[in-house]
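In: Need coordinates for the below:
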Amino acid sequence: MALNLDARQRAMLEAMGITVWLPEPVEPVAVAAVTAVAAAPSPVAEPLPVAAPAMRVAPPAPVSPPVSPPVAQAAAPVAEAAPAPVQPPAQPTRPASPPPQNLSGHRAHEPRQFVQQPAAGPAGEPGLGWTISPAQLVYPHAPQHVQSAEQGGWLILLEPAANPPLLSPAQRPAADCAQTALQGDAAKLLDNMLRALGLQEKPRVFSAALHRAPPDADLSHAQALQPALETLLRELRPDCVLVLGLASARAVLGRHDALGRLRAEPHHIAGVPTVVTYDPNYLLRAPQAKAGAWADLVQADAFTKGL
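Out: Modelled structure (predicted):
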């Protein structure tokens, strides 16, 4: 039995707390869809009973989800039998590994570049304000033998320390050590290197000290070092000149290049082959450079032997 309630009657029922449930109007499209499903032959589908609309006071029961049609259920096994190919997941790009850090928290130190400090004359010109002392025999106790030409051998040029430290008797070189302007451990190191080449048996091994003018000296009438050095070379006529240290090399060659470039290039002073190498005082602070110094001495020894 249908109740035909107007708007005033429904408002009175809602004010009393009575909820009126009325059937919703059925759309024509939904009616056509239900008619088509009912008309289709299905061996398992059964007609659903249609309940007559009635007024209900209690809330409606929860609606169960619709049952899938048999066609969709039959197609499911087919889809499971041939699953679509699964593409492998893309490999994540690994970020570049950061550079190793120092565990102590400090910044990692870069490799040390063993380059001696640049040095030039007080006026900034190599060789200006430098003087050379008379040459002396490095091994005066070496067996002397008469040479017909009175030439050959070595000439070692070096710069002594400006303020040499006071040495105890134990630190002083022995009497048979190389007689140069070096002192202490630097003199012993040079002596060991020269003895490794057998120069303690050579009678013509000379050394000469190079002295630099003080910074406040007046160089208005100073002469360059090169003329005095060429005069000494003409007197001694050595087979090779060995220059120790960057300051000495720049002074005798008249150049401003770094020590690495001066060591790598061949040089001649007054026609005499010249080899540049490290200062023994520097080798004491940078033992890694001893291998390069030894290679320089071997090259100088080859010049003295005419190789």
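
In: Thr304 contacts Gly152, correct?
Out: Yes. Counting by CB atoms under 8 Å, Gly152 is a contact partner of Thr304 at 6.9 Å. C-beta here means a position set from N, CA and C on the backbone, and glycine is covered the same way.

In: Common neighbours of the two, please.
Out: Asp239 (CB atoms under 8 Å, 6 or more residues apart in numbering).

In: what packs against the secondary structure element (helix or strand) that Ala251 belongs to?
Out: Under the criterion DSSP states H and E, the helix or strand holding Ala251 is helix 246-253. Helices and strands touching helix 246-253, by 3 or more CB pairs under 8 Å, 6 or more residues apart in numbering; DSSP states H and E, are strand 154-158, strand 205-212, helix 225-236, strand 240-244, helix 259-264, strand 267-269, strand 272-277.

In: Keeping just the C-alphas, turn the first one into CSV.
Out: Going back to what we said before, that points to strand 154-158. The C-alpha trace of strand 154-158 is given here as CSV (Å, rounded to 0.1, in the frame of the first residue of the first chain):
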residue,chain,number,x,y,z
TRP,A,154,134.7,18.0,-10.9
LEU,A,155,133.9,21.5,-9.7
ILE,A,156,131.1,21.6,-7.1
LEU,A,157,129.4,25.0,-6.5
LEU,A,158,127.3,25.5,-3.4
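
In: Return the list of strands paired to that strand, each annotated with direction.
Out: Here strand 154-158 is paired, per DSSP bridges, with strand 205-212 (parallel), strand 240-244 (parallel).

In: For these, give me CSV that also has mean pLDDT, mean neighbour count and distance to Ala258.
Out: Output for these, formatted as CSV (pLDDT from 0 to 100; neighbours: other CB atoms under 10 Å; distance: least, CB to CB, whole Å):
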stretch, mean pLDDT, mean neighbour count, distance to Ala258
strand 205-212, 93, 20, 19
strand 240-244, 96, 26, 14
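
In: do you know which of those lies nearest Tyr278?
Out: Nearest to Tyr278 among these is strand 240-244; the distance by CB to CB comes to 7.1 Å.

In: Show the contacting residues for the nearest residue to Leu137 once chain neighbours are set aside.
Out: Spatial nearest neighbour of Leu137, chain neighbours left out: Phe206 (6.3 Å); criterion: CB to CB, 6 or more residues apart in numbering. Applying CB under 8 Å, 6+ apart to Phe206 gives the contacts Ala135, Gln136, Leu137, Val138, Gly153, Trp154, Leu155, Ile156, Leu236, Pro238.
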